[in-house]
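> next input, structure requested:
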Amino acid sequence: MTRIDAGGAILALLMGFILSAGLTGFVLAAGGYQLPFHTAMPMPPVQMTGPGMMAPAPAPQSQAQAAPAAPVAAEVKVVATDLKFTPPTIQAKVGQPIKIVLENKGAIEHDIAFPTIKADKPGPSLKAVAKPGQTATLEFTPTAKGTYEYICTIPGHKEAGMKGTITVAE
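Below is the predicted model of the structure:
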């Protein structure tokens with residue numbers, strides 16, 4: 001009588017099934033699918049590198065790496081009261097857009113002007129006017145470092161102290 005030993009073949013088949021089920025569960029968990037027996041232990045993302053081989057998945061690119069975004073204008077609020085600007089100093093950077101929001105809390109009309117700053121716009125256009133209780137905005141991009149004066153151009157206001165400085169750094 002010849003005896004056939006099928007125990008080794010059955011064991012190999014059973015181990016293949018167990019490994020296959022475990023690998024499938026592992027891949028499903030890595031893809032975001034959770035099987036009930038994997039919920040207690042989260043699995044890291046993986047990618048298949050060859051038959052039966054896995055490696056950690058590469059980190060996804062962030063949006064900042066994918067495409068450079070346009071610079072966002074830094075916003076500075078300047079409050080004008082009668083014959084005074086608050087704050088008296090502003091900080092800016094070369095090449096970075098800046099948005100000046102002039103809020104007039106005074107009883108008379110005021111403006112803010114940057115007559116000597118080096119910017120992407122000509123000096124005469126760097127002016128915003130606000131009536132009492134109103135706001136006005138002005139946007140520009142400084143092109144050279146330095147310290148420049150900003151003023152109210154209404155006659156007599158600058159002389160009465162309605163001025164400040166903007167410092168542009170690299």
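> helix or strand right after the lowest-mean-pLDDT helix or strand in the chain?
None of the helices or strands of the chain scores lower by mean pLDDT, DSSP states H and E than helix 63-66, at a mean of 49. Following helix 63-66 in sequence order, the next helix or strand is strand 74-81 (DSSP states H and E).
> hmm, who's touching the helix or strand containing Ala92?
Element membership for Ala92 (DSSP H and E) is strand 89-93. By Cβ atoms under 8 Å, 6 or more residues apart in numbering, the residues outside strand 89-93 that reach it are 74, 76, 78, 98, 100, 142, 150, 164-170. Every residue, glycine included, has its C-beta placed from N, CA and C.
> report the buried residues of that strand.
Of the residues in strand 89-93, 90, 92-93 count as buried by neighbour count, 16 or more other Cβ atoms under 10 Å.
> the inter-axis angle of that strand versus strand 74-81?
160 degrees (axes from the mean of the first three to the mean of the last three Cα atoms, to 10 degrees).
> list the strands paired with strand 89-93, with their directions.
Its sheet considered, strand 89-93 pairs with strand 163-169 (parallel) by DSSP bridges.
> quick one: buried residues of the strand it pairs with?
163-164, 166, 168.
> what is the spatially closest residue to Lys127 that is not a sequence neighbour paired to in the beta sheet?
Once flanking residues are discounted, Lys127 sits nearest to Ala113: 4.1 Å by Cβ to Cβ, 6 or more residues apart in numbering. In this entry, Ala113 is beta-bridged to Lys127, Ile151, by DSSP bridges.
> okay, Ala113: pLDDT?
What the model reports as pLDDT for Ala113 is 97.
> could you verify that Pro124 is part of a helix?
Yes. Pro124: assigned to a helix according to DSSP: H, G, I helix; E, B strand; the rest coil.
> and the end-to-end length of stretch 91-103?
For stretch 91-103, the first-to-last residue distance is 18 Å (Cα to Cα, to the nearest Å).
> buried sites along it?
Applying 16+ other Cβ under 10 Å to stretch 91-103 flags 92-93, 97-98, 100-103 as buried.
> and the two most separated of those?
Lys93 and Glu103 (23.0 Å; Cβ to Cβ).
> re earlier: quick one: mean pLDDT for the strand holding Ala92?
96.
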